[in-house]
Each structure stands twice: as structure tokens, then as C-alpha cells.
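K.L.:
Fold the following for me, if possible:
(2 chains)
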Amino acid sequence: GAGVSQSPSNKVTEKGKDVELRCDPISGHTALYWYRQSLGQGLEFLIYFQGNSAPDKSGLPSDRFSAERTGGSVSTLTIQRTQQEDSAVYLCASSLQYYGYTFGSGTRLTVV
Amino acid sequence: KQEVTQIPAALSVPEGENLVLNCSFTDSAIYNLQWFRQDPGKGLTSLLLIQSSQREQTSGRLNASLDKSSGRSTLYIAASQPGDSATYLCAVRDRGSTLGRLYFGRGTQLTVWP
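P.N.:
Residues are numbered from 1 along each chain as shown, chains lettered A, B, ... in the order given. Next up, the predicted model:
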């Protein structure tokens, strides 16, 4: 597609439920990032996929968070047993290797 | 580990002023540096990308420079307008890490008043 697409744009979930956030990168982009941004805070790195290399998972805050990238394209970020501190905007970005990044509009997650 | 710092954290100016936003990074081994704009509640919009071999990039009223050896970049905004009000983020693509990870500063929150 023309840009990075994220879905849903907004998600409200009850504490303890699992959620899945989806990212469709720009076609052909080999690199894909997930970040999150809590209210009034900076960007927090979560996970990075680059081609067929093992992903950099060093930013995942706990084992409740996982992500996969199928076929080198679509990525899903899964949060299990959501907590209120997981409330944030989750941003996805993609790029060609070693070039600039294009960000999606984000998914606003609210855990109640 | 790469660290990116942006100064100032916030800036409030009257319309028409020329502005300079600063970004510094600790490791000069980078592939590129990218400036983004973020409006409240929105995602990030790329403004300018400077590859490590380049010294500057220009787009309209925006000019970004890169001095890789000293670990500095500046974003120059000419003739500022209220519509320029946003948070400006600097990010470097690090050559030192295996996968060329992107590191962000915390941003400069700019307010341009009429």
C-alpha cells in the first residue's frame, strides 16, 4: 500500500484480556519496528524486525508482550493479560534496509 | 549504547521567527539521521532524512544539517508559522547494532503563537 496501515485505530479492553494489534508495512519494506508512547512520554522501543534476521526483542517490557512478522510483511503485536499501565499509543514503522522510516497512525490502546 | 538528546525540550516563539532545534548523539557510527514531526494524538510524519554521507537536506522552509564527527544535527525552521506548532523528534539509525536500530530523542515541543 501507499503507507503503513495499523489496525484498529482505537482499542478499549478490560484488564486481563488479551489484545492483538496489527501493522501492514509498505510493500517491499524489509525493516519493521514497534514503539509505544505513553501519555506525555517519549517513544519507547519494543521490537525490531529486519528481513530474515532474528528480531531484536530487547525492548519488550515483559513476557506478556510478543510480536511476530509473517512472510516478511504483516506484523502482529500481542499483549496478554493486559494491565492498565499498558495503555498507550502503539506505533509501527517500516523502511527499506538502512533508509528512512515511515510511521503508521498508531493504535490507541486503553485498558479499563 | 547510542543516546540521542534534543535541546531545548520546549520552545515558544512569535510567528515569523527563524528557529534552530538541536539534536546530539553519542556514537557517530550511523547510517542516517531523520527528523520527524508529531502533532498531538497523531503518528510521526517524516520531515527530512540525511544519509551519513550528506551534510544537509532542505525541504521548503526546513533545513537540516548533519555533522557526524561531532555527533550533532540542527533543524532550521525559517519564518515560523502557527501551523508549525508540534513536537519535533530526531532519530538516528545506528550502525553499531547488528540490525541498524533507530534511536529517538525525547523531542522539542514547539509552540508558535500568532
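K.L.:
Could you check how many residues crowd around the residue nearest to residue B:54 when sequence neighbours are not counted?
P.N.:
Ranked by Cβ to Cβ, 6 or more residues apart in numbering or on different chains and with sequence neighbours excluded, the top spatial neighbour of residue B:54 is residue B:66, at 6.5 Å. All C-beta spots, glycine's among them, are computed from the backbone N, C-alpha and C. Using other Cβ atoms under 10 Å in any protein chain shown, the number of residues around residue B:66 comes to 25.
K.L.:
buried residues in stretch B:16-30?
P.N.:
B:19, B:21, B:23, B:24, B:25, B:27, B:28, B:30 (16 or more other Cβ atoms under 10 Å in any protein chain shown).
K.L.:
Just the mean pLDDT for it, thanks.
P.N.:
Per-residue pLDDT over stretch B:16-30 has a mean of 96.
K.L.:
One more: stretch B:64-75?
P.N.:
pLDDT averaged over stretch B:64-75 gives 97.
K.L.:
So which bits of it are buried?
P.N.:
B:64, B:65, B:66, B:68, B:71, B:73, B:74, B:75.
K.L.:
Run through who's touching that stretch.
P.N.:
For stretch B:64-75, contacts defined as Cβ atoms under 8 Å, 6 or more residues apart in numbering or on different chains pick out B:20-28, B:30, B:33, B:35, B:47-48, B:50, B:52, B:54-58, B:62-63, B:76, B:88, B:90.
K.L.:
In strands, which of those residues fall?
P.N.:
B:20-25, B:30, B:33, B:35, B:47-48, B:50, B:56-58, B:62-63, B:76, B:88, B:90 (DSSP state E).
K.L.:
so which of those residues also contact chain A?
P.N.:
The subset of the ones in strands among the contacts of stretch B:64-75 within reach of chain A, by Cβ under 8 Å from any Cβ of the partner chain, is empty.
K.L.:
neighbours of residue B:60, just the number please.
P.N.:
Residue B:60 has 8 neighbours, counted by other Cβ under 10 Å.
K.L.:
list the contacts for it?
P.N.:
With the criterion set at Cβ under 8 Å, 6+ apart, residue B:60 makes contact with nothing.
K.L.:
let's see 10 Å
P.N.:
Residues counted as contacts of residue B:60 (Cβ atoms under 10 Å, 6 or more residues apart in numbering or on different chains) are B:47, B:77, B:78.
K.L.:
And the second one, how far from chain A?
P.N.:
Spatial separation of residue B:77 from chain A under the definition Cβ to the nearest Cβ, to the nearest Å is 19 Å.
K.L.:
and that residue, how many neighbours does it have?
P.N.:
23.
K.L.:
Can you tell me the closest non-neighbouring residue to it?
P.N.:
Nearest to residue B:77 is residue B:19, by Cβ to Cβ, 6+ apart, at 4.4 Å.
K.L.:
now swap in the first one and tell me
P.N.:
Counting by Cβ to Cβ, 6+ apart, the nearest residue to residue B:47 once its immediate chain neighbours are dropped is residue B:35, at 4.5 Å.
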